[in-house]
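Chemist: generate coordinates for the sequence data below:
(one chain, ligands or ions: 1)
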Amino acid sequence: MPAVASSVVGNKNRKRKRCAERKEQTAAQQKKHCVKPGCNLSCKKKCITKISEEQRQQINSEFWSMSHYERRCFMLHATKRKMASRKTTTDSRRKHSYFYFLNGTDGMKAVCKTFFLTTLGFQKNNDTVLQNCLKSTALDSIKPGEDRRGKAPSSTKIDRSVLTEHIENKGYYGVQGHSRSSRSAPIESPYATSY
Ligand SMILES: [Zn+2]
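Modeler: As a prediction, this is how the structure comes out:
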């Protein structure tokens with residue numbers, strides 16, 4: 001049947017398109033998340049003496065060749081958390097102590113957070129992705145928790161309907177001064193003020 005045949009072709013084309021789109025997305029992600037400058041020699045963990053620049057590049061490219069879920073698994077297992085031993089009773093903000101690890105050529109090495117984030121291609125002062133992964137996972141769990149990415153409404157999102165209404169009302173009142181007929185009743189504006 002021609003209808004079925006064309007839908008099969010359509011499906012194949014859509015699949016091919018999706019595949020190409022995914023490849024493009026991956027390439028764009030890799031480009032955006034290239035290795036960033038890490039810590040320096042003054043770092044207590046001496047990260048740059050443990051893991052070479054070449055090794056950082058390798059970790060980064062392996063990391064970005066993984067799926068979103070695999071990356072979350074990696075971040076979870078390359079970071080160790082434990083309940084912080086509270087030294088002072090006044091500072092109860094820091095609940096956990098964090099430790100970060102990356103693979104050197106001769107095995108796992110403890111590195112600082114800056115080195116960890118920048119090797120994976122994140123900005124050193126932006127740990128949102130890492131925190132999202134860790135906070136969604138219970139301390140006694142080995143499986144990353146549910147990803148909240150894109151699920152919470154953005155706080156900066158503008159309510160377009162209000163904006164459009166406002167513009168339309170402004171437009172209406174703008175032309176009223178000319179020769180607009182007074183037969184039509186003015187639109188009630190939520191912004192109108194009574195004098
Ligand atoms: Zn360091």
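
Chemist: so who does the closest residue to residue 50 other than its chain neighbours touch?
Modeler: Leaving aside its sequence neighbours, residue 50 sits nearest to residue 109 (C-beta to C-beta, 6 or more residues apart in numbering; 4.3 Å). (Glycine included, C-beta is placed from N, CA and C.) By C-beta atoms under 8 Å, 6 or more residues apart in numbering, the contact set of residue 109 is 47, 50, 51, 101, 102, 103.

Chemist: SS state for the fifth one?
Modeler: Right, residue 102. On the three-state scheme (DSSP: H, G, I helix; E, B strand; the rest coil), residue 102 is labelled strand.

Chemist: what is the burial count for the closest residue to it other than its chain neighbours?
Modeler: Of all residues not flanking residue 102 in the chain, residue 111 sits nearest, at 5.3 Å (C-beta to C-beta, 6+ apart). Residue 111 is flanked by 26 other residues according to other C-beta atoms under 10 Å.

Chemist: got the contacts of residue 109 as CSV, with pLDDT, neighbour count and distance to residue 8 columns?
Modeler: Below are the contacts of residue 109 laid out as CSV (pLDDT from 0 to 100; neighbours: other C-beta atoms under 10 Å; distance: C-beta to C-beta, whole Å):
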residue, pLDDT, neighbour count, distance to residue 8
47, 97, 25, 54
50, 95, 17, 54
51, 96, 20, 50
101, 98, 15, 49
102, 97, 20, 47
103, 94, 14, 45
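
Chemist: okay, among those, which ones form the most distant pair?
Modeler: 47 and 103 (12.7 Å; C-beta to C-beta).

Chemist: ok, back up a step: among the contacts of residue 109, which are in reach of the ion?
Modeler: The residues of these that also fall near the ion, by C-beta under 5 Å from the ion, are residue 47.

Chemist: as a markdown table, the contacts of residue 109 with distance to residue 25 would be great.
Modeler: Formatted as a markdown table, those follow (distance: C-beta to C-beta, whole Å):
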| residue | distance to residue 25 |
| --- | --- |
| 47 | 30 |
| 50 | 32 |
| 51 | 28 |
| 101 | 28 |
| 102 | 25 |
| 103 | 26 |
